[in-house]
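Engineer: after the sequence you'll find the predicted model.
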Amino acid sequence: MCGILAYVGDRNAFRTLMDGLKSIAYRGYDSCGIALADGERLTIAKTVGPWESLEPRSTELVDIPARSGIAHTRWATHGEPSDVNAHPHLDCNARFAIAHNGIIENYGAVRRDLIQSGHKFCSATDSEVIVHLIEQFVEDGLEVEAAVRAAAQQLVGAYAFVVLDRESPTEVYGVRHDCPLIVGRSDEGSFLTSDVAAIVDYCDEAIILDNQQMAIISQDDVVTVALTGEPVTCSSTRVDWTKGQAQRSGYPHFMLKEIHEQPDTVQQLLSARLNDRGETVFPEIDEILPANLNKIVVVACGTASYVCAYAKLVLEQMTGLPVLAEVGSEFRYRRNFLDPSTLLVAISQSGETADTIASLRLAKEAGAPTVSFVNVMGTTIARESDRVIQTLGGPEAAVPSTKVFMNQLVSALLVSIHLGRRLGSLPKSDRTATDLRTLPSAVRECLRLEGVIEKIALTYSNRDSWFVIGRGLDEPLAREAALKLKEVAYVHAESLPAGELKHGPIALVEAEMPVLAIVTQPHLRTKMANNIQEVAARRGALIVLASMSDEAIDEASTEVVMLPSISAYLDPILVSVPLQLLSYHIAVLRGASIDYPRNLAKSVTVE
């Protein structure tokens, strides 16, 4: 979602904030801006486009003797992308500037009241009400800190915002409720940010604000209080990422770099969760597993929801329990059947996905134990879950998830093995844990197929509509493949269980329409062959990714890519590599914005 950064210190504020904007450019956004305080005035620079769009004003801005400021990258929700809707926003007297992440649900009523009180609004955003509320409370006689707290208490929704005061440039205020806000301290000053990547060059430790908390930062100090005014003590967490991890390292795009990092990230995860005896190590689950466990609910959004679909099938097979795979944005608005005998597993790359957080809270209200898969520790989902399993993918700079998606799949399989063994439902003869050790080398084999995939991309990059089909454990990967084609290459792609093709969608299959088929499940090979024949009979262009050879499939297909094979559980995980490479190379050929797809954000912190 939007990115927030604030700084107070002895460095040049413009250069420091611009460096931070560059570091969080991967979030995906449509406009950006900076506000600087030099003790006499606020200077605002904001524009549609990426951080580079601010550079024409850099000569002017770098000469401003400002040692404090705020910056923002916007992903539009209320109001189209435009210069005037970009953040920061000013009050009527240009005393205060704010940058905001989230959605203010009651902004309409608040805006009407403020207009009646004489306030003039410039933008179509919900965010602008915040700065006018602060202005109003100061005019009513409150000190600035109290005015910021009072303004926050008038807001309904999810928000994190920072406030810069022209008359007190040595301090910046930050407030958090349901959107991330992090405090960083260093010898060079203090920071507020929504994304730790913006401060890794300066800070070794960070304080993660909790809901309804405010931080007041100055060059040498950080004060944290509740919105009621009482002091609060916040624990710090170590910043264990480096800026170098979020550099392209010679690759043309972050996405390609992260695809190629997957053997190493998988190995790191396996080293943490499989011991020398081949035993899975998940004390987090052992500590909270109810003795009367009778069902499991796995919930996520977007790419992570396809991990849920994979996890459902593997968990059911290995535990013998019913498992529900749920999309958070739907699950939270219907009867959920959660109770203390249900284990809820929440999966999120960012740890800040709003609908997944809401689902997690429903489970807490029902007394169900919760465990989360997250890639970023200290986030809302990590802090509100009973236990946390870190997926250890490292920083993922591209908006489309690749290496974290794979590590989520591997985590789901490891947890399934662990629960199956714990419940006594997994046969002792099952070799999946042993097979997992060969996964990193098999991923490397898949990466060596990049040349083959690139040729396929060249052939079909001009096609605007695709089907992606699979059965069993392959079907969730078909969903992910279709999503990657849509979000990275801007190609319309529809995924469906292969058996559903004949129930209507096959009417769209015509000569040379690309149909991508995934075939890794031995017990479903004959069924997949039948579905592939249905497409071939209508002269569709069949591209098959398979871990087994089959004469009927080979004869009916236009392209067949043979993948390394480990087992029925692991082969779908391997398929994700050529699927990622295919969408990447099609996107390159179509000239798409690969790392920052249009209209998308890395972390979806609003409904």
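Structural biologist: Looks like it arrived, so ask away. Numbering: from 1, shown residues only.
Engineer: only C-alpha atoms for contact and neighbour calcs from this point on.
Structural biologist: Noted.
Engineer: now the strands for the stretch 451-600 of the chain?
Structural biologist: 465-470, 492-497, 514-519, 541-546, 559-562 (DSSP state E, counting those that start in this stretch).
Engineer: quick one: the first one to strand 514-519, angle?
Structural biologist: Strand 465-470 and strand 514-519 meet at an angle of 10 degrees, taking axes from the mean of the first three to the mean of the last three CA atoms, to 10 degrees as the criterion.
Engineer: strand partners of strand 465-470, parallel vs antiparallel please.
Structural biologist: Next to strand 465-470 in the sheet, as set by DSSP bridges, lie strand 492-497 (parallel), strand 514-519 (parallel).
Engineer: let me see the residues that make contact with that strand.
Structural biologist: Residues outside strand 465-470 that contact it (CA atoms under 8 Å, 6 or more residues apart in numbering): 475-479, 481-482, 491-498, 513-519, 528.
Engineer: residues in contact with the helix or strand bottoming out on mean pLDDT in the chain?
Structural biologist: When the helices and strands of the chain are scored by mean pLDDT, DSSP states H and E, strand 236-238 comes last with a mean of 73. Here strand 236-238 makes contact (CA under 8 Å, 6+ apart) with Asp204, Glu205, Ala206, Ile207, Ile208, Gly378.
Engineer: which ones are touching the closest residue in space to Phe96 that isn't next to it in sequence?
Structural biologist: Using CA to CA, 6 or more residues apart in numbering and skipping the chain neighbours, the partner closest in space to Phe96 is Asp165 (4.8 Å). Asp165 is in contact with Ala37, Arg95, Phe96, Ala97, Glu171, Val172, counting by CA under 8 Å, 6+ apart.
Engineer: with Tyr7 instead?
Structural biologist: Tyr7 makes contacts with Ala13, Thr16, Leu17, Arg67, Ser68, Gly69, Ile70, Val172, Gly189, Ser190, Phe191, Leu192, as judged by CA under 8 Å, 6+ apart.
Engineer: confidence score at the second one?
Structural biologist: Turning to Thr16, the model gives it a pLDDT of 92.
Engineer: mind listing which of the contacts of strand 236-238 are in strands?
Structural biologist: Glu205, Ala206, Ile207, Ile208 (DSSP state E).
Engineer: taking those residues, tell me the two that lie furthest apart.
Structural biologist: Glu205 and Ile208 (9.9 Å; CA to CA).
Engineer: so which helix or strand takes in the residue of the chain positioned farthest from its centre?
Structural biologist: Distance from the C-alpha centroid of the chain, by CA atoms, centre = their mean, peaks at Gly141 (41.6 Å). Gly141 belongs to no helix or strand when assigned by DSSP states H and E.
Engineer: could you measure from it over to Asn12?
Structural biologist: As judged by CA to CA, to the nearest Å, Gly141 and Asn12 stand 33 Å apart.
Engineer: from Val515, how far off is Ala481?
Structural biologist: Remark: distance between Ala481 and Val515 (CA to CA) = 12 Å.
Engineer: whoops, Arg387 was the one
Structural biologist: Counting by CA to CA - Arg387 and Val515 are separated by 41 Å.
Engineer: neighbour count: those two, which is higher?
Structural biologist: Val515 (25 against 21; other CA atoms under 10 Å).
Engineer: mind listing the residues bridging to the nearest residue to Ser557 once chain neighbours are set aside?
Structural biologist: Spatial nearest neighbour of Ser557, excluding adjacent residues (CA to CA, 6+ apart): Leu542 at 4.9 Å. Beta-bridge partners for Leu542, by DSSP bridges, are Val515.
Engineer: what about Leu542, how many residues close to it?
Structural biologist: 25.
Engineer: who's in contact with it?
Structural biologist: So Leu542 contacts Pro514, Val515, Leu516, Ala517, Ile532, Val535, Ala536, Ala556, Ser557, Thr558, Glu559 (CA under 8 Å, 6+ apart).
Engineer: roughly how far apart are the closest residue to the last one other than its chain neighbours and Ser583?
Structural biologist: This points to Glu559. Once flanking residues are discounted, Glu559 sits nearest to Ile543: 4.7 Å by CA to CA, 6+ apart. Per CA to CA, Ile543 is found 13 Å from Ser583.
Engineer: cool, Tyr173 as well?
Structural biologist: From Tyr173 to Ser583 the distance is 42 Å (CA to CA).
Engineer: give me the more crowded residue out of these two.
Structural biologist: More neighbours surround Ser583 than the other of Tyr173 and Ser583, with 26 against 23 (other CA under 10 Å).
Engineer: could I get the pLDDT score of the more buried one?
Structural biologist: At Ser583, the model reports a pLDDT of 96.
Engineer: so who does it touch?
Structural biologist: Ala457, Ala481, Lys484, Leu485, Val488, Ala489 are the contacts of Ser583 under CA under 8 Å, 6+ apart.
Engineer: so which of these are in helices?
Structural biologist: Counting by DSSP state H, the contacts of Ser583 place Ala457, Ala481, Lys484, Leu485, Val488, Ala489 in helices.
Engineer: ok, of those residues, which one's closest to Ser565?
Structural biologist: Nearest member of these to Ser565, counting by CA to CA, is Ala481, at 19.2 Å.
Engineer: how many other residues sit next to that closest one?
Structural biologist: As a burial measure, Ala481 scores 27 neighbours (other CA under 10 Å).
Engineer: ok, it touching Gln580?
Structural biologist: Yes - if you go by CA atoms under 8 Å, Ala481 and Gln580 touch, sitting 7.3 Å apart.
Engineer: mind checking the SS state of Ala304?
Structural biologist: Assigned with DSSP: H, G, I helix; E, B strand; the rest coil, Ala304 falls in the helix class.
Engineer: what is the burial count for it?
Structural biologist: By other CA under 10 Å, neighbour count at Ala304 equals 24.
Engineer: same question for Tyr333.
Structural biologist: Neighbours around Tyr333, by other CA under 10 Å: 10.
Engineer: use 376 as the first number from now on
Structural biologist: With 376 as the first residue, the last one maps to Tyr708.
Engineer: phi, psi for it please.
Structural biologist: When read as degrees, to the nearest 10, the backbone of Tyr708 gives phi -110, psi 20.
Engineer: how about the one 3 residues further on?
Structural biologist: Reported as degrees, to the nearest 10, the phi and psi values for Asn711 are phi -110, psi -20.
Engineer: so what's the gap between the host helix or strand of Arg486 and the chain middle?
Structural biologist: Secondary structure from DSSP H and E places Arg486 in helix 482-491. Computed by CA atoms, centre = their mean, to the nearest Å, the chain-centroid distance of helix 482-491 equals 33 Å.
Engineer: and for stretch 480-499?
Structural biologist: 32 Å.
Engineer: now that stretch: mean pLDDT?
Structural biologist: 94.
Engineer: now do the buried residues in it.
Structural biologist: Tyr482, Val485, Arg486, Leu489, His494, Phe496, Ser498 (16 or more other CA atoms under 10 Å).
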